[in-house]
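have a look; sequence and predicted model below, questions after that.
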Amino acid sequence: MWQRVQSFFGVGEDWVRPLPERWLRTDLKIALGCFVVAVLLLQTISVVNMGQISQPLWLQLLFIAVPAVMLVGRRRFPVTGGLVAVLIMFGGSYWFPELGAFISTQVLVFFLVFSAFAWGRERGQLVGLVAFSGLCLLGWVAWVIAIASGTSQLAEAFDLAEGEELSFGRLVAFAFLNFAMNLIYFGGAIVLGTVTWRNAQKTAEIADYNALLEAHAQSQTRQAVTNERLRIARELHDVVAHHVSAIGVHAGAARRVMERSDSAASRETVASTLTQVEGSSRQAVTEMRSLLGALRDTSEVSIDHAPLQDFSDDGAGAVEAGADSDVSHRSPGAGPGLDRLEELAKSFSGDRPQVDLDVVEDPTLPRSAVPPAVSASLYRIAQESLSNVRTHSTASSARLTLRTGRATMAGTPEVPFAEVEVVDDGRPRHGTGGTGMGQLGMRERARSLGGVVEIGPRALGGYRVRVRLPLIRKES
């Protein structure tokens, strides 16, 4: 029971109701307005009921001014204001019954008690204020019944004839009525103030939660913009680096052939080389236009929910990349995929390195079933790896391998995957150090799709790049 009482009043809670802006100016206006209205009511009652209020005018004004002044600090010193209100109510009823029963005084006292529980910071003190008010209420009722003046008031209240005794039943009824009226009066102020405090607390919590959501949304937006910038940087790097490096190699070869000889065979070689330069430049322009078109696409990016067929062991079911998957199978701007690996390998024909393509597919996982995002990422990784071999390695040959199958990845249950591997037999070429952006782009692509990356020199010579991407992502 005691814990429920403490919980109701908020004892032990850290939240403090903040003061509103210009609270002092507002409360000054409220206090002044209440005082003026109370004085007008007091004077009106004095005129209508002349002789009914026996106290001097200065005492009447003082009795109204004290609670009105306490209204100024009702938010800053709420418990003090509530304590003064209780003392005015019960003390005034004892010494000045006429002033204690005055309606203006009762309204001011009610407002002060309400403010104590609506703005109190030390909630434990409010429980003490409730206990003090209860004791004062019981003492006041006992005084009304026990003291002779109280008995005379009872006689007038029940219109008893002179010498007629007051029955015990009437005495109990009068005591209960007074107790109930004061209980409703103070209890209403206490409950209403506490409910107001609770509502303010909930409103503040909702505001804090909304601010947190807004901050999180802004953070997510910034992260999305950053990720998109990185994606654009990767696409530009992969599109431009491969074709421009090929153009540079072919142009250099043509220049050397022209410098050495001017025979018909040399002209034919130069023409063939320039044809490759033309093809690479056209392909670069085509892919660049495709990328820019995807960037200008204002339609909502869709998520491919199509099931990856025949991924179940028995072939009867389908594994689906659901909406909760971290793999975004984006169709806009996906670019070339695994179906163009043969073209990629042939683009190096007659040039260094000579590229051999191996395809090792699980019969239930053909490359045509690989999601577009995974397919495009693996193609770009293979393209970047072969471009790095041509630019930064002395290798004369390289092997590009595509594999699909099932395996455990990062401790997860067995999942379908697709991977590309590029190995060469060369050594680093001096004077061709890059910025590392290409390998960084590979790692970012793999990380965004939940894959694993192995990049580095081989123990027996050469260099190796292997990237494995899951075709589905397990829900975390």
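That came through, no problem. Numbers count the residues shown, from 1 in each chain.

now do the helix or strand hosting residue 218, average pLDDT.
Residue 218 is part of helix 168-260 when elements are defined by DSSP states H and E. Taken as a whole, helix 168-260 has an average pLDDT of 80.

who are the packing partners of that helix?
For helix 168-260, the packing partners by 3 or more CB pairs under 8 Å, 6 or more residues apart in numbering; DSSP states H and E come out as helix 103-119, helix 123-146, helix 148-157, helix 264-296, helix 372-392, helix 437-448. Quick note: C-beta positions are derived from backbone N, CA and C, even for glycine.

now these in JSON lines, with distance to residue 176 and mean neighbour count?
JSON lines is the format used below for the helices and strands packed on helix 168-260 (distance: least, CB to CB, whole Å; neighbours: other CB atoms under 10 Å):
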{"stretch": "helix 103-119", "distance to residue 176": "20", "mean neighbour count": "23"}
{"stretch": "helix 123-146", "distance to residue 176": "9", "mean neighbour count": "16"}
{"stretch": "helix 148-157", "distance to residue 176": "13", "mean neighbour count": "13"}
{"stretch": "helix 264-296", "distance to residue 176": "81", "mean neighbour count": "14"}
{"stretch": "helix 372-392", "distance to residue 176": "79", "mean neighbour count": "24"}
{"stretch": "helix 437-448", "distance to residue 176": "76", "mean neighbour count": "18"}
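
for those helices, which one sits closest to residue 360?
Closest approach to residue 360 among those (CB to CB): helix 372-392, 13.7 Å.

what's the next secondary structure element after the closest one?
strand 397-407.

for this structure, what helix or strand is lowest in average pLDDT?
strand 318-319 (a mean of 34; mean pLDDT, DSSP states H and E).

and residue 420, which of the three is it?
Three-state assignment for residue 420 (DSSP: H, G, I helix; E, B strand; the rest coil): strand.

surely it and residue 380 touch.
No: using CB atoms under 8 Å, residue 420 is not in contact with residue 380; the gap is 9.8 Å.

can you put the helices and strands packed on helix 168-260 in CSV and add mean pLDDT?
Listed next are those as CSV, based on pLDDT from 0 to 100:
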stretch, mean pLDDT
helix 103-119, 87
helix 123-146, 80
helix 148-157, 54
helix 264-296, 69
helix 372-392, 89
helix 437-448, 86
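
tell me which of those helices lies nearest to residue 194.
helix 103-119 (4.8 Å).

kindly export that closest one (C-alpha atoms) in PDB.
Taking Å, rounded to 0.1, in the frame of the first residue of the first chain, the C-alpha atoms of helix 103-119 are listed here in PDB:
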ATOM      1  CA  ILE A 103     -15.100  31.800  -1.300                       C
ATOM      2  CA  SER A 104     -12.200  33.900  -2.500                       C
ATOM      3  CA  THR A 105     -10.000  32.500   0.200                       C
ATOM      4  CA  GLN A 106     -11.100  28.900  -0.600                       C
ATOM      5  CA  VAL A 107     -10.300  29.400  -4.300                       C
ATOM      6  CA  LEU A 108      -6.800  30.700  -3.600                       C
ATOM      7  CA  VAL A 109      -6.100  27.900  -1.200                       C
ATOM      8  CA  PHE A 110      -7.300  25.300  -3.700                       C
ATOM      9  CA  PHE A 111      -5.100  26.800  -6.400                       C
ATOM     10  CA  LEU A 112      -2.000  26.800  -4.100                       C
ATOM     11  CA  VAL A 113      -2.500  23.100  -3.000                       C
ATOM     12  CA  PHE A 114      -3.100  22.200  -6.700                       C
ATOM     13  CA  SER A 115       0.100  24.000  -7.700                       C
ATOM     14  CA  ALA A 116       2.100  22.200  -5.000                       C
ATOM     15  CA  PHE A 117       1.400  18.800  -6.400                       C
ATOM     16  CA  ALA A 118       1.500  19.900 -10.100                       C
ATOM     17  CA  TRP A 119       5.000  21.600  -9.800                       C
END
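
so which elements touch it?
Using 3+ CB pairs under 8 Å, 6+ apart: helix 103-119 touches helix 23-48, helix 57-70, helix 78-95, helix 123-146, helix 168-260.

most neighbours per residue, which of those?
Sort the helices and strands packed on helix 103-119 by mean neighbour count, taking mean count of other CB atoms under 10 Å, and helix 78-95 sits at the top with a mean of 21.

dump it to PDB, restricted to CA.
C-alpha atoms of helix 78-95 as PDB (Å, rounded to 0.1, in the frame of the first residue of the first chain):
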ATOM      1  CA  PRO A  78       5.300  24.900  -4.700                       C
ATOM      2  CA  VAL A  79       5.600  22.900  -1.400                       C
ATOM      3  CA  THR A  80       6.000  26.100   0.600                       C
ATOM      4  CA  GLY A  81       2.900  27.500  -1.000                       C
ATOM      5  CA  GLY A  82       0.900  24.400  -0.300                       C
ATOM      6  CA  LEU A  83       1.900  24.400   3.300                       C
ATOM      7  CA  VAL A  84       0.900  28.100   3.700                       C
ATOM      8  CA  ALA A  85      -2.400  27.300   2.100                       C
ATOM      9  CA  VAL A  86      -3.200  24.500   4.600                       C
ATOM     10  CA  LEU A  87      -2.300  26.800   7.500                       C
ATOM     11  CA  ILE A  88      -4.400  29.600   6.200                       C
ATOM     12  CA  MET A  89      -7.400  27.300   5.700                       C
ATOM     13  CA  PHE A  90      -7.400  25.600   9.000                       C
ATOM     14  CA  GLY A  91      -5.800  28.500  11.000                       C
ATOM     15  CA  GLY A  92      -8.300  30.900   9.500                       C
ATOM     16  CA  SER A  93     -11.200  28.700  10.300                       C
ATOM     17  CA  TYR A  94     -10.000  28.600  13.900                       C
ATOM     18  CA  TRP A  95      -9.400  32.300  14.600                       C
END
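
packing partners of that helix?
Here helix 78-95 touches helix 57-70, helix 97-100, helix 103-119, helix 123-146, going by 3+ CB pairs under 8 Å, 6+ apart.

would JSON lines of those with distance to residue 447 be doable?
Formatted as JSON lines, the helices and strands packed on helix 78-95 follow (distance: least, CB to CB, whole Å):
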{"stretch": "helix 57-70", "distance to residue 447": "65"}
{"stretch": "helix 97-100", "distance to residue 447": "77"}
{"stretch": "helix 103-119", "distance to residue 447": "52"}
{"stretch": "helix 123-146", "distance to residue 447": "50"}
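
roughly how far apart are residue 403 and residue 421?
For residue 403, the distance to residue 421 equals 7 Å [CB to CB, to the nearest Å].

so who does residue 79 touch?
116, 120, 122, 125, 126, 129 (CB atoms under 8 Å, 6 or more residues apart in numbering).

the first one is in contact with residue 192, isn't it?
Going back to what we said before, that points to residue 116. No: Residue 116 is not in contact with residue 192 according to CB under 8 Å; the separation is 11.3 Å.

now the angle between helix 103-119 and the helix holding residue 218, please.
Helix 168-260 runs at 40 degrees relative to helix 103-119, counting by axes from the mean of the first three to the mean of the last three CA atoms, to 10 degrees.

now do helix 168-260 against helix 437-448, angle only.
140 degrees.

distance between helix 168-260 and the chain's centre?
3 Å (CA atoms, centre = their mean, to the nearest Å).

on that earlier part again, how about the contacts of residue 79 in TSV, adding distance to residue 348?
Formatted as TSV, these follow (distance: CB to CB, whole Å):
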residue	distance to residue 348
116	85
120	80
122	80
125	84
126	83
129	88
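
out of those, who's nearest residue 389?
Nearest member of those to residue 389, counting by CB to CB, is residue 122, at 74.2 Å.
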